[in-house]
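# Just the structure for this:
(chains A and B, ligands or ions: 1)
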Amino acid sequence: MARIWKFGTDVDTDQIVPGRYAPYMLKEGQDVKDYAFIEARPDFARVAQPGDVIVAGANFGCGSSREYAPDALRRRQIGAIIAPSFARIFFRNAINLGIPLFESTEIPELVGDGEAVEMDVVNGRLITPSATYQLPPLPDFAADVIRAGGIVRYVRENGRFPGEL
Amino acid sequence: MGQTLAEQILGQKVGRTVRPGELVVVEPDVAMGHDSLSPSIIRIVQEQMGAARVHDPAQIVLVLDHVAPASTVGVANNQNIVRRFAAEQGIRLFEVGRGICHQVLVEEQVARPGMVVVGSDSHSTSYGAVSAFGSGMGSTDIALVWATGKTWLRVPETLRVIAHGRFRPGVTAKDFALKLGRELTIAGATYMAVEYHGLAWLPLDGRQTIASMAVELGAKAGIFPPDGETAARFAVPDWLFVDPEAAYARTFTINLDELEPQVALPHAVDNVVDVSAVAGQKVDVVFLGTCTNGRYEDMRAAADVLQGRPLAPGLRMLVTPASRQELQKAIADDTLTTLLASGVTLTTPGCGACMGRHQGTLGADEVCLSTGNRNFKGRMGDPTSQIYLASPAVAAATAVTGVITDPRALEKEKHPAGGSDCS
Ligand code: SF4
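Numbers count the residues shown, from 1 in each chain, chains lettered A, B, ... in the order given. Model prediction:
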């Protein structure tokens, strides 16, 4: 089973991947995924597993436009990120990369760090040993982009942008 | 019904009236990339989009500013990827030393009133200083613009800020920007555009300071009306104006006559207090620079405070001009000599120490007072280092005393030398 990684409010992209660990700064053979939360949450950097779910407070991903922050989480195969709200650029970047995001005020209050969970992304359900939570759906365009596996595949497959006629 | 500046600009792009919440697909006038992210953007264009040529080289601008000049072999190789790409595709590139992307695009009038300017950098809100819709995006979004010429945007609601009064001596645009963070919070304008009213008198540099920090409120864009210095220096399209009928999601009013110098405490941009609440805090490094406060006027404000006074013992002060032009202005009068006489370290125009990668990375437990825009934990170096944010005047006063200091307090005790020839 996957687990929950709980974070506070206003988690900024410098915490997710500090600028000094940008791919631009890394040596051959180093991968940005190994530096996700390297300083803010070193246990995450060491042991987070594919499918694990990040549950955070409001305004997750504020700060810089560095796409390598969500990309490090994608490469880590994070199952989903659930927060009451996301910072604008992070929201775009994560959707563009096909990372499932869910906006929920309720979940961060109900689940705790380290709890065992299963994430059903397709149906928007978070399943803990004691309960199943239905998550509010994303706006259609965002859900479509995530379903396509990211904006690049969306545009290549559809020949247009979401919202473009 | 009337239209906000953001609605006018996006509506002009799609050729019809747009409303907040709508998704529109637009062709940005400019899509900027800098050295830090352009290698990844180029990879997405070539490998994921399979595009041999960019859609329109004239739409793209490249700037080498984030690690300039290169600090490692890896960075040097990455910058060469960007240089080669620019040469192959016929894209305009501003070399190492020219300055910070957001400063250079305004100086070169690449960004102009009424344009949509997107950049691979969150501080692309800066272009709102010249009444453009400027917005930061990630690598994939910018790669899509380079490959297809287009991007999607959700038309934002607009938060209107109305300023009354004027800054008192010792108070500046930076204090205003920090105060907005304090009142509206780091998420106060998420997904929104901010429009700044009552500041027609504010010169361009102050507008750039404020617009650059719109993103620190979570905003998508921060736009000044096309008045004052912007109208004097740039061509303003006739369809772009403040529409009294425009509908705003929220209005925030501020009285500048009562504004005090502000300081953001570690580790959040909205963790802001009056300078008096933090005066006396010991500082190891003062950093004057960045797209927020690295211009001539900022160096001048610091020189006016330093004027003949040496830096406090044990304190370093780094000065990184926002661009070569700004540096040249500081050379043309006594600004730079005054700063150097006090003992500052001058570095190459560009981002400098702002992101902790070179030219002044902070070590463990070091305390920095920066004129920049972000004080997140670890941004400038070691995660135990601490960053305070303030205006150039507060920065210079702090450099003189070694502790956070209200520049107005320093003015009172007249220094003995009284000139710039003390060294
Ligand atoms: S000066 Fe700092 S904030 Fe501005 S563009 Fe450079 S790194 Fe970003």
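# Show me where chain B has its helices.
Assigned by DSSP state H, chain B shows helices spanning B:5-14, B:38-43, B:73-89, B:101-107, B:139-148, B:173-184, B:204-212, B:228-233, B:290-293, B:296-306, B:324-332, B:335-342, B:392-401, B:407-412.
# Could you dump these into TSV with mean neighbour count, mean pLDDT and distance to chain A added?
For every residue, glycine as well, the C-beta is placed using N, CA and C. Formatted as TSV, the helices of chain B follow (neighbours: other CB atoms under 10 Å in any protein chain shown; pLDDT from 0 to 100; distance: least, CB to the nearest CB, whole Å):
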stretch	mean neighbour count	mean pLDDT	distance to chain A
helix B:5-14	23	98	10
helix B:38-43	24	97	6
helix B:73-89	17	97	5
helix B:101-107	27	98	12
helix B:139-148	26	97	4
helix B:173-184	23	98	12
helix B:204-212	27	98	13
helix B:228-233	16	98	25
helix B:290-293	30	98	12
helix B:296-306	25	98	22
helix B:324-332	18	98	23
helix B:335-342	22	98	27
helix B:392-401	28	98	21
helix B:407-412	17	84	28
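# Reformat those helices as JSON lines; add distance to B:Pro244.
Shown next, in JSON lines, are these (distance: least, CB to CB, whole Å):
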{"stretch": "helix B:5-14", "distance to B:Pro244": "13"}
{"stretch": "helix B:38-43", "distance to B:Pro244": "41"}
{"stretch": "helix B:73-89", "distance to B:Pro244": "44"}
{"stretch": "helix B:101-107", "distance to B:Pro244": "28"}
{"stretch": "helix B:139-148", "distance to B:Pro244": "34"}
{"stretch": "helix B:173-184", "distance to B:Pro244": "23"}
{"stretch": "helix B:204-212", "distance to B:Pro244": "21"}
{"stretch": "helix B:228-233", "distance to B:Pro244": "18"}
{"stretch": "helix B:290-293", "distance to B:Pro244": "31"}
{"stretch": "helix B:296-306", "distance to B:Pro244": "32"}
{"stretch": "helix B:324-332", "distance to B:Pro244": "36"}
{"stretch": "helix B:335-342", "distance to B:Pro244": "41"}
{"stretch": "helix B:392-401", "distance to B:Pro244": "36"}
{"stretch": "helix B:407-412", "distance to B:Pro244": "38"}
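# can you dump the C-alpha coordinates of stretch A:149-159 into PDB?
Extracted as PDB, the C-alpha positions of stretch A:149-159 are listed here (Å, rounded to 0.1, in the frame of the first residue of the first chain):
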ATOM      1  CA  GLY A 149      -0.800  12.000 -20.200                       C
ATOM      2  CA  GLY A 150       0.100  15.700 -20.400                       C
ATOM      3  CA  ILE A 151      -0.200  18.700 -22.600                       C
ATOM      4  CA  VAL A 152       2.400  17.700 -25.200                       C
ATOM      5  CA  ARG A 153       0.500  14.500 -25.900                       C
ATOM      6  CA  TYR A 154      -2.800  16.300 -25.800                       C
ATOM      7  CA  VAL A 155      -1.700  18.800 -28.400                       C
ATOM      8  CA  ARG A 156      -0.100  16.100 -30.600                       C
ATOM      9  CA  GLU A 157      -3.100  13.900 -30.400                       C
ATOM     10  CA  ASN A 158      -5.800  16.500 -30.800                       C
ATOM     11  CA  GLY A 159      -4.000  19.000 -33.000                       C
END
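# Any chance you could list what contacts that stretch?
Contacts of stretch A:149-159 with the rest of the structure, by CB atoms under 8 Å, 6 or more residues apart in numbering or on different chains, involve A:95-98, A:144-145, A:148, A:161-162, B:44, B:48-49, B:140-141, B:143-144, B:148.
# So in the chain, where's the weakest helix or strand by average pLDDT?
I went with chain A, as the question did not name one. helix A:140-148 (a mean of 92; mean pLDDT, DSSP states H and E).
# do that helix and chain B meet at all?
Yes - looking at helix A:140-148 against chain B by CB under 8 Å from any CB of the partner chain, the contacts come from A:Phe141.
# Quick check: mean pLDDT of the helix or strand that that helix is followed by?
Downstream of helix A:140-148, the next assigned helix or strand under DSSP states H and E is helix A:151-158. Average pLDDT, helix A:151-158: 95.
# Stretch A:46-53 now?
97.
# Give the closest residue to residue 132 in space, chain neighbours not counted.
You didn't say which chain, so I picked chain A. Leaving aside its sequence neighbours, A:Thr132 sits nearest to A:Arg125 (CB to CB, 6 or more residues apart in numbering or on different chains; 5.8 Å).
# hmm, I had chain B in mind actually
Here the residue nearest B:Ala132, using CB to CB, 6+ apart, is B:Met115, at 4.3 Å.
# Return the residues in contact with the one you found.
B:Ile9, B:Pro28, B:Asp29, B:Val30, B:Tyr127, B:Ala132, B:Phe133.
# correct me, but B:Phe376 touches A:Asp14?
Yes - between B:Phe376 and A:Asp14 there is a contact under CB atoms under 8 Å: 3.9 Å.
# Overlap of the contact sets of the two?
In contact with both B:Phe376 and A:Asp14: A:Gly63, using CB under 8 Å, 6+ apart.
# And these two? Which one has more around it.
Per other CB atoms under 10 Å in any protein chain shown, whichever of B:Phe376 and A:Asp14 has more neighbours is A:Asp14, with 27 against 24.
# so, in contact with chain B or not, the helix or strand hosting that one?
In this structure, A:Asp14 sits in helix A:13-16 according to DSSP H and E. Yes - against chain B, helix A:13-16 shows contacts by CB under 8 Å from any CB at A:Asp14, A:Gln15.
# is any part of stretch A:12-29 close to the ligand?
No - for stretch A:12-29, no contact with the ligand is found by CB under 6 Å from any ligand atom; the gap never falls below 8.0 Å.
# okay, now the domains of chain B?
If you go by automatic domain parsing, the domain ranges for chain B are B:22-154, B:156-259, B:262-414.
# Tabulate those in TSV, adding columns for distance to A:Ala131.
Converted to TSV, the domains of chain B look like this (distance: least, CB to CB, whole Å):
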stretch	distance to A:Ala131
domain B:22-154	33
domain B:156-259	29
domain B:262-414	33
